[in-house]
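**Student:** my questions concern the predicted model and sequence given below.
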Amino acid sequence: MSLPKHIYEELEAVVGARYISDRPYILAALRQPLPNIATPPQSPEAVLLPGSTAEVQAIVRICNKYKIKYIAVISSLIVFAYPSEPGTIILQLKRMNRIEEINAEDRYAVIEPGVRHGQLRTELMHLGLSYPVASVGPGGSVLSNFACASGDNHNEYGSSRTNRYICGVEWVLPSGELLRVGSLATDSGWFCADGPGPSLRGLIKGFTGQWGGMGVITRIAIGLDHWRGPAEMPTEGRSPSYKIRLPRDCHRIHIFKFPDLGKLERAMVEVGKAEIGFSVMKFFNASAALLATESANDFWDLWNSGLFQRELARPLYVYLATQSPEEMAYEEAVLMDIIGETGGEPVDASVQRIYEDNMDFYILVGFLQRVLRLGGAWAPAKLSGDSIHHMFEVARAIPEFMTEFIDKGMILNAPDNFMITPGEYGHFAHIELLFLWDRGHPDWANIGMNFMRRSQETDIGHGYHSSSPPRTGAMLQRLGPLYSNCHVWAERIKQAFDPNNVSNPMP
Amino acid sequence: MTQLADYRHTMESCNHCGQCKWLLGPKTRGWRFAEICPIHAQFHFDAYSGQGLINIARELLEGRLQYEPGLINLIYSCTTCGACDVNCKSVRDMEVLETILAMRAKCVEDGQGPLPAHREMAERIEKNHNIYGHDHAKRQDWLTDEIKVSAESPVAYFVGCSASYMHTDIARNTARILNACGVDFTVLGGAEYCCGNPLWQTGQREAAARQVEHNLAVMRERGIKTVITSCAECFGALRNIYPRYSEPDFEVRHIAEVARDALREGYLNFQRPVDLKVTYHDPCHLGRCSEPYVPWQGEIRAFGLHVPPKQWRRGTNGVYDAPREVLRAIPGLELREMTRNEENAYCCGAGGGVRSAFPEQARETALDRIEEAASTGAAAVVSACPFCRSNLEDALTAEAQSMKYFDLTELITRAI
Ligand SMILES: Cc1cc2nc3c(=O)[nH]c(=O)nc-3n(C[C@H](O)[C@H](O)[C@@H](O)COP(=O)(O)OP(=O)(O)OC[C@H]3O[C@@H](n4cnc5c(N)ncnc54)[C@H](O)[C@@H]3O)c2cc1C
Ligand code: SF4
Ligand code: SF4
């Protein structure tokens, strides 16, 4: 099915002929099977590149008039950015790419959807400002990350999840109506999402966002933090072997290994209590090996050496970023006390050096896509949050379902490839379990879903809060009861706002 | 010769991460000049990017996409600049540019490509051995009496079509620099044919092969052990295309490298100041695309393991330092860097047959690059490729911009 001519022409009248296409060769770039998903996505019927909020509104109204489904996207990184049904059009918002304002005094930035992490983060560095950058790579959309998708990041210990940073929001509702949220609604500026004026922040983002299912966010303001590093990244070398070292007087990385998860947990809690450090986490070890190497073969050499399994099975990564050398001396002394008391030890110097030489890990995660290097069949499981203690309980239960997949050779043998990131100095934590499989495996098409199902069943069995409820119906139904029946609320809200079910409907 | 089907792993591994459209994180400096693919920057649809082109290649290969004129135009809108390739390879084990080039070759094999402008160029090369269709007998007319050329030497200056006919000052300046460095060199004269790069880039592999094989035979016959070029396209061809046909038995050097070595060794001295703030534009085929081709045949096993191990061409070892070292050595000259430089340089817009087929598109890209050059505060942009020169100079003239363009060889000659 392609769009009837008169509908196409109506849409074309909104954006202009240059910014709409239904040619199969243009759509080919938006319907490729992702390497981790067995079923190819539906082809969109057309793709539009609107240039303003008014154009987005006009398109959404036309969609409602003819019951055409639409999905707002920027880079289309994730599966929810692809049509699940025929009769869907894609609105790629990349032409709406302005940084409208950076208010250094009140510490917020107003951005359009097409602004990427690489752009905003480096603009802000010049002004001594920063924000929590998702580890999605420099080309990921900031707005999508803050307002529409997940929002966890390497630095949330010293800051938070991105949902906590949303200030004003400009929102084209699924019907096409324009809503301004927070202080923006009363023309009081962009500084606060919760008023004066309507809040509704939870509807827009809540924990994970609506993945395009509640209309189109056209502008947001995000809160900014102070940046303690240089105005420009001190990059040395050439691709793919860059080195980025921040001045050691105020920027230091320490990585410790722990004999068991209990001791690691204690250390994480104590560091948070002491309120030292800018970034603290237990990071993935196979992903770390992928980030540290420059080809699949290099990865295999490193992985087969066993170094990362030995040193980084239960690591605590601590990045200290301070205002002065004296503050550094204080934070380092406190840290060493805590590590001594909790039984941690420094990791092998060669591992520590990798992070000292690649501090973009804490700025932009410049090489994030390396985690997909083994062929691209990957998926994150869990992805939810609760207390540090609860996240460690969840981690201890991982072998209950993961071991079988490893023993049967279905996934990469990396049982410790999970991350626990505390947020807001340890007041909550996030867990993510990354598993990789090979597309050459005879059962590759089912491995991803089977693994995630088993992971969720383990959570449901234990009553754990660790699987983030996605927007897809079946999974939401299963997990909703764990989260105050959020599936019932989600459905009702969706129906109220999107009676025609045109904004990225999902099965 | 590799075929499109050889790049299945690349086509099936792409996860739409978008790195092929954006400057690498560690090199990004702000909002402006963060895009890396000139066609994506201009047309915005994902189809216009490395990712989009390999998605299209996959559908073509699998018979899911039918040829139509718009598709062929899209495929030939790519400047084959390789920026997507370098950026993708910083994070993935994929061959984006090779896939795009193999797709063009498939278009030609299927009788659907190239575009008329490229076909006409191929006819001109076939007939007159140069891209312009000029009289082959005049290929060496650039040579003046004051230049000392040996009849026989194992060192050959491969002049290329553009410097032979269009920008003859580059040929003369290059020869003068070689003379100043005391390099005993020869030229191939009428025996030199087009390097074949414009044919290769437009998918006309058979026609390219005829040029390559001819030039290889001439060089063998004349006992050439070192080939020097002043043209980035010729340089890229000799290093990256020729080894696909025959194991190279000569070394390839760009005049920037020859001058740099001569400066270091004291054979060349800059006496005269050139008071100018300049920025250097890295030509794609002298920079990231110039790494020598290394054939690989093998198996991609589970989890991406390449057996035998593959030597990747990631743009790390292009010619970046030599022109910069030479420029910095010129008294009075100040070199400023653009954000997108070296392996991340933004294409001038001319390559891959774009300038001949889509002059407006080529001009718009050139203007983007000029804006970046101007943002450094430089008064002039310097490069080392006659094709970049034509495109950038034309855009500067059309827009009546005050910025000047210089070929590297001109500044060297002025300083000697
Ligand atoms: C390798 C990898 C690593 C990742 N790591 C992280 C991580 O560390 N932290 C994290 O938070 N996320 C992560 N993600 C998830 C996600 O891709 C990003 O959060 C998201 O910001 C990507 O931006 P995008 O430009 O690709 O958005 P898209 O993929 O284009 O869109 C993402 C979703 O948001 C919707 N959407 C986008 N823009 C709008 C809009 N303006 N209005 C309404 N809906 C919209 C889309 O419909 C889609 O459902 C990761 C993804 C990948 C592939
Ligand atoms: S960088 Fe590579 S993997 Fe990523 S979208 Fe581009 S081609 Fe695909
Ligand atoms: S080769 Fe250059 S123009 Fe072509 S897709 Fe890649 S980056 Fe874009």
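**Tutor:** It's in. Ligands and ions are numbered 1, 2, ... in the order given.
**Student:** touching ligand 1 at all, stretch A:439-459?
**Tutor:** No - contact of stretch A:439-459 with ligand 1 (C-beta under 6 Å from any ligand atom) is absent, the minimum separation being 13.5 Å. To be clear about C-beta, it is placed using only N, CA and C from the backbone, and glycine gets the same treatment.
**Student:** would you map the strands across the stretch 351-500 of chain A?
**Tutor:** A:378-386, A:418-423, A:428-436 (DSSP state E, counting those that start in this stretch).
**Student:** got JSON lines for those strands, with mean neighbour count, mean pLDDT and distance to B:Glu364 too?
**Tutor:** Formatted as JSON lines, those follow (neighbours: other C-beta atoms under 10 Å in any protein chain shown; pLDDT from 0 to 100; distance: least, C-beta to C-beta, whole Å):
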{"stretch": "strand A:378-386", "mean neighbour count": "22", "mean pLDDT": "93", "distance to B:Glu364": "38"}
{"stretch": "strand A:418-423", "mean neighbour count": "25", "mean pLDDT": "98", "distance to B:Glu364": "44"}
{"stretch": "strand A:428-436", "mean neighbour count": "25", "mean pLDDT": "97", "distance to B:Glu364": "41"}
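**Student:** wait, which of the ones you listed is closest to ligand 3?
**Tutor:** Comparing these by their distance to ligand 3 (C-beta to the nearest ligand atom), the top pick is strand A:378-386, with 24.6 Å.
**Student:** looking at the strands of the stretch 351-500 of chain A, spot the one closest to A:Asp260.
**Tutor:** Proximity to A:Asp260 (C-beta to C-beta) singles out strand A:418-423 among those, at 14.0 Å.
**Student:** any part of the closest one near ligand 1?
**Tutor:** No - Strand A:418-423 is not in contact with ligand 1 by C-beta under 6 Å from any ligand atom; minimum separation 9.1 Å.
**Student:** helices or strands up against that strand?
**Tutor:** Applying 3 or more C-beta pairs under 8 Å, 6 or more residues apart in numbering or on different chains; DSSP states H and E, one finds that strand A:418-423 contacts helix A:261-274, strand A:279-281, helix A:388-396, strand A:428-436.
**Student:** now the residue of the stretch 351-500 of chain A found nearest ligand 3: closest residue in space that isn't a chain neighbour?
**Tutor:** In the stretch 351-500 of chain A, no residue comes nearer to ligand 3 than A:Gln369, which is 16.3 Å away by C-beta to the nearest ligand atom. Residue nearest to A:Gln369 in three dimensions, not counting chain neighbours: B:Val91, with 3.8 Å by C-beta to C-beta, 6 or more residues apart in numbering or on different chains.
**Student:** with A:Leu120 instead?
**Tutor:** Nearest residue to A:Leu120 in three dimensions, chain neighbours excluded: A:Val142, at 5.2 Å (C-beta to C-beta, 6+ apart).
**Student:** the one you found: what's it in contact with?
**Tutor:** A:Ile111, A:Val115, A:Arg116, A:His117, A:Leu120, A:Tyr131, A:Ile222 (C-beta atoms under 8 Å, 6 or more residues apart in numbering or on different chains).
**Student:** the residue nearest to A:Gln369: helix or strand, and which one exactly?
**Tutor:** Counting by DSSP states H and E, there is no helix or strand that carries B:Val91.
**Student:** A:Ala81 versus that one, what's the distance?
**Tutor:** 19 Å (C-beta to C-beta, to the nearest Å).
**Student:** tally of neighbours for B:Met219?
**Tutor:** By other C-beta atoms under 10 Å in any protein chain shown, 23 other residues sit near B:Met219.
**Student:** what does it show for phi and psi?
**Tutor:** phi -70, psi -40 (degrees, to the nearest 10).
**Student:** hmm, it is touching B:Ala156, no?
**Tutor:** Yes - at 6.8 Å, B:Met219 counts as touching B:Ala156 under the criterion of C-beta atoms under 8 Å.
**Student:** can you tell me the closest non-neighbouring residue to residue 53?
**Tutor:** In the absence of a named chain, chain A is used. Using C-beta to C-beta, 6+ apart and skipping the chain neighbours, the partner closest in space to A:Thr53 is A:Thr218 (4.2 Å).
**Student:** let's do chain B instead
**Tutor:** Here the residue nearest B:Leu53, using C-beta to C-beta, 6+ apart, is B:Ile100, at 5.0 Å.
**Student:** now swap in A:Glu327 and tell me
**Tutor:** A:Cys250 (7.8 Å).
**Student:** quick one: pLDDT of the one you found?
**Tutor:** Looking at A:Cys250, its pLDDT reads 96.
**Student:** for A:Glu331, see how far away it is.
**Tutor:** Distance from A:Cys250 to A:Glu331, by C-beta to C-beta: 10 Å.
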